[in-house]
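Student: Okay, here's the prediction I keep looking at, along with the sequence it came from:
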Amino acid sequence: MKRIDLHIHTTASDGTATPEEVVREAEKLGLAAVAITDHDTAAGYPRAAAEGEKRGLEVVPGIEISTKFRAAVHILGYYIDVDSPALEEVLEWMHRDREERNIKLCEMLRSVGVDIDIERMHARFGDLVGRPHFAEILIENGRAADMQDAFDRLLNKNRPFFIPRQFLPIERSIEIIREAGGTAVLAHPFQYRLDDAQLRELIEHCMESGLEGIECRYSGYDADMCAYLESLAAEYGLVRTGGSDFHGSHKKDIRLGEGRGELNVPYAFLEELRERRAKT
Ligand code: AMP
Ligand code: ZN
Ligand code: FE
Ligand code: FE
């Protein structure tokens with residue numbers, strides 16, 4: 001059976017593998033398709049697509065938008081037009097807000113003796129700088145033992161180096177994906193610690209804005225969890241997607257296409273997604 005991975009981060013956001021490296025690794029693993037879903041940017045897609053073309057590997061344009069519905073929720077967008085001016089405008093707003101947060105975080109770190117500034121962060125990590133990059137700096141400076149420790153003790157909410165940033169309303173994130181010609185999918189539904197009633201409420205709320213899918217298979221989700229999500233997708237008439245949330249060495253235990261060994265996303269999921277797009 002042909003397998004795919006529809007949830008992948010690259011150096012265009014906070015992954016550590018370049019778009020080209022992701023495609024080469026996917027080819028080595030024998031994956032039939034990958035989607036590039038960087039946080040709040042699609043800048044990695046053209047590079048991945050070019051490499052995919054060279055190697056005959058299917059690359060789907062995607063994005064993962066950070067939004068808020070009571071708490072943080074992530075919305076995936078597939079087959080977006082990466083040059084959509086409407087999408088670009090929203091992403092620019094998000095980038096400006098992120099930049100303000102990052103500048104404040106640099107100042108805060110300097111005030112406790114960490115030698116860092118925003119220019120060097122960009123020189124080293126690229127256009128989109130995220131907390132995993134700051135975690136790397138903290139580890140290098142001996143302030144944290146590893147990525148998990150950096151987040152748990154320093155960078156997460158209610159910790160000393162947490163600086164909030166703004167989030168796009170969930171309705172707007174779904175609308176903008178649709179305006180850019182994409183299909184909006186609820187990412188990793190178990191991440192939000194919702195009970196069945198709350199998850200249904202979230203799904204129904206998102207569907208009012210045009211949600212079309214649920215990420216049913218994901219690193220760490222066992223067969224029962226996947227079956228539950230797939231039953232919800234069927235009940236609501238939504239498509240199923242799945243992916244690893246690969247971040248390279250920023251999430252050391254997660255492998256491309258395989259997650260922690262349990263992940264199995266069939267090519268049929270991508271075909272179902274395209275069939276749905278063809279109908280609407
Ligand atoms: P930011 O968008 O810059 O606020 O950073 C949030 C990102 O950090 C998330 O999207 C994850 O990719 C990453 N992240 C959050 N918690 C952890 C963690 N415990 N370990 C590694 N990465 C994390
Ligand atoms: Zn990330
Ligand atoms: Fe996410
Ligand atoms: Fe992700």
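Tutor: Cool, got the structure. Ligands and ions are numbered 1, 2, ... in the order given.

Student: Could you measure from residue 230 over to residue 156?
Tutor: Residue 230 is 31 Å from residue 156, where distance means Cβ to Cβ, to the nearest Å. (Each C-beta comes from the backbone N, C-alpha and C, glycine too.)

Student: Compare those two (neighbour count), which wins?
Tutor: The neighbour count for residue 230 versus residue 156, taken as other Cβ atoms under 10 Å, is higher for residue 230 (16 against 12).

Student: hey, where'd the strands end up in the protein?
Tutor: Assigned strands in the chain, in chain order: 4-8, 33-36, 58-69, 71-78, 168-169, 183-186, 213-218, 239-243 (criterion: DSSP state E).

Student: Out of those strands, the one nearest ligand 3 is which?
Tutor: strand 71-78 (3.7 Å; Cβ to the ion).

Student: Ligand 4 contacts on the stretch 101-250 of the chain?
Tutor: Proximity of the stretch 101-250 of the chain to ligand 4 (Cβ under 5 Å from the ion) is limited to residues residue 245.

Student: Name the residue of the stretch 101-250 of the chain that lies nearest to ligand 3.
Tutor: Closest point on the stretch 101-250 of the chain to ligand 3, by Cβ to the ion, is residue 187, at 5.0 Å.

Student: What is the neighbour count of the nearest residue to that residue once chain neighbours are set aside?
Tutor: In this structure, residue 187 finds its nearest non-sequential neighbour in residue 74, 3.9 Å apart by Cβ to Cβ, 6 or more residues apart in numbering. Using other Cβ under 10 Å, residue 74 is surrounded by 22 other residues.

Student: Then residue 270?
Tutor: Counted by other Cβ under 10 Å, the residues lying close to residue 270 total 22.

Student: now the one 5 residues further on
Tutor: Residue 275 has 11 neighbouring residues, counting by other Cβ under 10 Å.

Student: That one and residue 216: what is the separation?
Tutor: From residue 275 over to residue 216 the distance is 16 Å, taken as Cβ to Cβ.

Student: pLDDT at residue 279, what is it?
Tutor: On pLDDT, residue 279 comes in at 89.

Student: Correction: the previous question concerned residue 1.
Tutor: 84.

Student: and it, how far is that from residue 168?
Tutor: According to Cβ to Cβ, residue 1 and residue 168 sit 36 Å apart.

Student: Tell me which residues touch the closest residue to ligand 1 within the chain, please.
Tutor: Proximity to ligand 1, evaluated over the chain using Cβ to the nearest ligand atom, is greatest for residue 130 at 3.1 Å. Residue 130 makes contact with 13-14, 39, 98 under the criterion Cβ atoms under 8 Å, 6 or more residues apart in numbering.
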